[in-house]
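Trainee: starting from these lines, generate the structure:
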Amino acid sequence: MQSELRIRYVYSVGTGIWLLFTFIIESTQESVSALRVRSLVPEAGKRYVLAGTSIVLSCVSGQSHNSPLQWSFNGETLKSDHDMLSITSTQTTTGLTTSELYWECVTEEQGGLYTCQDRAGNSQTLNITVISLIPSPGYLSLTKERLEPITIGCRVSSKLTPYQYKPIKWYFKDQPIKASHGWHQGKYHTFDQNNTLVIKYAEEADAGDYTCTLRLNEVNETLRQTVSVYVLPLVESFESEEIRVTEGDGMTLQCRIRGDGIQHVKWLKGNSSLTVDGRVELGAFRSYQNASLHVKTVAMNDSGSYFCYVENRYGASSTRSINVVVLDWYAAVWVFLGIVAEVFLLAIIANIYDRYLTRELKKNEREQEKLVLGKSLANTEQGSAKA
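Mentor: This is a model prediction of the structure:
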């Protein structure tokens, strides 16, 4: 009786272990065969992405034997034949098939339904919306005599109505800007109608990157866009309007530049660009390439007006000129001899004048002595007569 009970007990335990093992195996197979799509950009759980950025999606399937994964957008199959679209698939050692979709520099047209599907018909879809925040930069001129206002802005996508998002907030160097709605109050002013920020008295310290943030009402998501205030290029005046150089000597001209996004610096003589060779060299000055012009040995035909021309990547430019006069070597020698002769002549004149003054001074002294002696004799004679 006891042996029969033991047999039944062992049988029951064995059956339970087998059922548990079978359940684990089936659960593992189901989990391995499941299809999962997750969003890397935008972040998981979010559906809005900023136009001009990227969409990155990852699809993982447990189907082995190199089961392919296929992407579709709004029902149409996607292929890696687009310049901005890339789809890559890999097979792991554990039998997982992974496919990643990377769409660079998306526009609002790339917003929609993204679906990943395997051969067995398993699929999963993500809905992504692309929102445009078009930056409107500002430009600061250093040539103005007084400070002037600068306006920057963030134009919101036409897909959104003003009721779908909160008023745009502005930041400068990661610090929130305390703006007012009245023109006569404070330095910063915001206008919610066109999502602009006005810097009332803009100076060079106000140049840099600003951030506008768009917070959506229906979801807890915030989009950020960078809006810049650029300093327009400025070439500062040369130390003098004209320099004189002797033939055969070296000459260096330096272009003092201020501004953002400087892309081109070039030198011109008259209306022609300078040719760089072994005699004429261009170098860096204050971290700007080609801002220094050096001529090793100046020739007579180097005389003329030289221009430093600067242009930034936004098309704004500035220029300054300096006139170079090259003196002939012999002419310079004659000038030197003339200066020496002039100095020598002045020395002779000074010597003659000094002698003349000395002679006149001695003459005056003798006359004074005679007057003193005459008065002394007169006084003596008067004293003798009284006696």
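Trainee: Leu101 - how many residues pack around it?
Mentor: Residues lying near Leu101 (other Cβ atoms under 10 Å) number 22. Quick note: C-beta positions are derived from backbone N, CA and C, even for glycine.
Trainee: doesn't it fall inside a strand?
Mentor: Yes. Leu101 sits within a strand when classified using DSSP: H, G, I helix; E, B strand; the rest coil.
Trainee: phi, psi of Arg355?
Mentor: Dihedral pair for Arg355: phi -60, psi -40, per degrees, to the nearest 10.
Trainee: tell me how many other residues crowd it.
Mentor: When counting by other Cβ under 10 Å, one arrives at 10 neighbours for Arg355.
Trainee: state the distance from it to Thr297.
Mentor: Arg355 sits 48 Å away from Thr297, taking Cβ to Cβ, to the nearest Å as the criterion.
Trainee: likewise for Val130?
Mentor: According to Cβ to Cβ, Val130 and Thr297 sit 61 Å apart.
Trainee: settle it for me: which of those two has more neighbours?
Mentor: Between Val130 and Thr297, counting by other Cβ under 10 Å, Val130 is the more crowded of the two (22 against 11).
Trainee: the more buried one: what's it in contact with?
Mentor: Val130 makes contact with Tyr48, Val49, Leu50, Ala51, Ile55, Val106, Thr107, Glu108, Glu109, Gln110, Gly111 under the criterion Cβ atoms under 8 Å, 6 or more residues apart in numbering.
Trainee: can you tell me the SS state at it?
Mentor: Strictly by three-state DSSP, Val130 counts as strand.
Trainee: bridging residues for it?
Mentor: Using DSSP bridges, the bridge partners assigned to Val130 are Val49.
Trainee: just Ser272 next, same as before
Mentor: Going by DSSP bridges, Ser272 is paired in beta bridges with Lys269.
Trainee: what about it, how many residues nearby?
Mentor: Neighbours of Ser272 using other Cβ under 10 Å come to 8.
Trainee: measure it to Val326 for me?
Mentor: Separation of Ser272 from Val326 (Cβ to Cβ): 17 Å.
Trainee: helices of the stretch 201-350 of the chain, residue ranges please.
Mentor: 329-386 (DSSP state H, counting those that start in this stretch).
Trainee: now the strands for it?
Mentor: With DSSP state E, counting those that start in this stretch, the ranges of strands along the stretch 201-350 of the chain come out as 208-215, 222-231, 234-235, 242-246, 251-254, 257-258, 262-269, 272-273, 280-285, 288-295, 304-312, 317-327.
Trainee: can you list the strands that the last one pairs with?
Mentor: Paired neighbours of strand 317-327 in the sheet (DSSP bridges): strand 242-246 (parallel), strand 304-312 (antiparallel).
Trainee: what's the average pLDDT for it?
Mentor: Averaging pLDDT along strand 317-327 yields 95.
Trainee: please renumber the chain so that the first residue is 775 from this point on.
Mentor: Sure, I'll start counting at 775 from here, so that last one is strand 1091-1101.
Trainee: ignoring the adjacent residues along the chain, who's closest to Ser1011?
Mentor: Spatial nearest neighbour of Ser1011, chain neighbours left out: Arg1094 (6.1 Å); criterion: Cβ to Cβ, 6 or more residues apart in numbering.
Trainee: what is the neighbour count of the one you found?
Mentor: Residues lying near Arg1094 (other Cβ under 10 Å) number 17.
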